[in-house]
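In: let me see the structure of the following:
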Amino acid sequence: MSSHKVIEIHHLSYHYPDGTAALNDIDLEVWEHESVAVLGPNGAGKSTLLYHLNGTLMGDGSVTILGLPVEKRNLREIRRRVGLVFQNPEDQLFCPTVFDDVAFGPLNMGLKMESVRREVERVLEMVGLKGFEGRSAHHLSEGEKKRVALATVLSMNSEILVFDEPTDNLDPAGSRLLVERIQSIPQTKVIVTHHLAVAVDLCKRAILLREGKKVEDLPMEELLRNRTLLVQFGFDPDFAQWMCDRRKTSERIGS
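Out: Next comes the predicted model:
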């Protein structure tokens with residue numbers, strides 16, 4: 001693991017406009033090239049925490065991204081360096097064609113069209129959508145839309161990628177394809193998901209939230225062995241044991 005911290009959160013709290021507490025005194029550090037799963041029931045504050053990583057929300061406490069405090073004067077640079085992939089790809093795709101959606105960020109960074117074309121081609125190939133440049137994202141399948149949304153973030157060459165329920169509304173085949181694409185990305189990743197199998201496939205560390213508080217921060221393998229904690233968070237401990245065994249077998253075969 002790198003010794004370089006890319007996310008530092010200290011005593012972060014956030015209240016909705018009606019006064020409801022969404023986050024309560026969160027401390028968190030994420031290291032370069034880590035993949036971290038954020039797990040918890042509905043209303044735990046998972047998405048609220050994600051939106052603090054690029055300054056979409058700003059609460060009390062401190063959030064530092066790649067050495068930059070998350071505050072108004074740094075937002076443009078932070079949003080270039082933190083790519084947020086929304087739960088609903090329709091929130092991210094608004095241009096007439098896939099090319100336009102993926103090119104939007106690089107063009108706004110001032111890249112020349114020739115460089116943008118190369119970058120669009122590169123990232124669409126990464127997500128398995130080479131040749132989709134001229135198509136409308138709104139006519140694609142849900143899985144394809146999610147991969148276009150991922151491409152829009154990859155085209156910015158962000159150092160940190162943040163995913164909100166990446167496999168939501170996907171069938172098993174679409175979910176597996178998207179997980180494989182995310183696995184191939186070397187950047188630091190923070191992933192909110194309700195699906196333990198997705199978390200296990202993508203992450204080696206788990207953050208557990210409940211009612212806006214960080215309950216646990218532990219290696220994924222420890223979570224899979226902790227039946228009490230799994231039951232508390234609504235996961236099937238027998239399925240977790242199967243995944244743990246599968247992971248060990250896969251690592252043994254790969255070694």
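In: and the helices in the stretch 151-255 of the chain?
Out: 172-183, 196-202, 220-225, 227-232, 237-254 (DSSP state H, counting those that start in this stretch).
In: ok, for Tyr51, nearest residue in space, not its chain neighbours?
Out: Leu57 (4.3 Å; C-beta to C-beta, 6 or more residues apart in numbering). C-beta here means a position set from N, CA and C on the backbone, and glycine is covered the same way.
In: shaky segments in the stretch 101-250 of the chain?
Out: When residues are selected by pLDDT under 70, those of the stretch 101-250 of the chain lie in 250.
In: try 80 this time
Out: 244-250 (pLDDT under 80).
In: list the buried residues in stretch 33-43.
Out: 34-40 (16 or more other C-beta atoms under 10 Å).
In: go on, stretch 128-135?
Out: Buried-residue list, stretch 128-135, by 16+ other C-beta under 10 Å: 129, 132-133.
In: follow-up on the earlier one: for the residue nearest to Tyr51, give its distance to Asn24.
Out: 14 Å (C-beta to C-beta, to the nearest Å).
In: and Arg80, by the same measure?
Out: Computed with C-beta to C-beta, the distance linking Arg80 and Asn24 is 30 Å.
In: again, but for Ser35
Out: Applying C-beta to C-beta to Ser35 and Asn24 gives a distance of 25 Å.
In: same question for His52.
Out: For His52 relative to Asn24 (C-beta to C-beta), the value is 13 Å.
In: neighbour count winner among those two?
Out: His52 (23 against 16; other C-beta atoms under 10 Å).
In: quick one, what contacts that one?
Out: 9, 12, 14, 23, 58-59, 63, 70 (C-beta atoms under 8 Å, 6 or more residues apart in numbering).
In: burial of Gly212, as a residue count?
Out: So Gly212, with other C-beta under 10 Å, has 23 neighbours.
In: and stretch 53-73, what's buried?
Out: Quick answer for stretch 53-73 (16+ other C-beta under 10 Å): 53-55, 57, 59, 61, 63-66, 68, 70.
In: over to stretch 201-218?
Out: Quick answer for stretch 201-218 (16+ other C-beta under 10 Å): 201-203, 205-210, 212, 214-216.
In: which single one of those is nearest to Pro166?
Out: Leu202 (8.5 Å; C-beta to C-beta).
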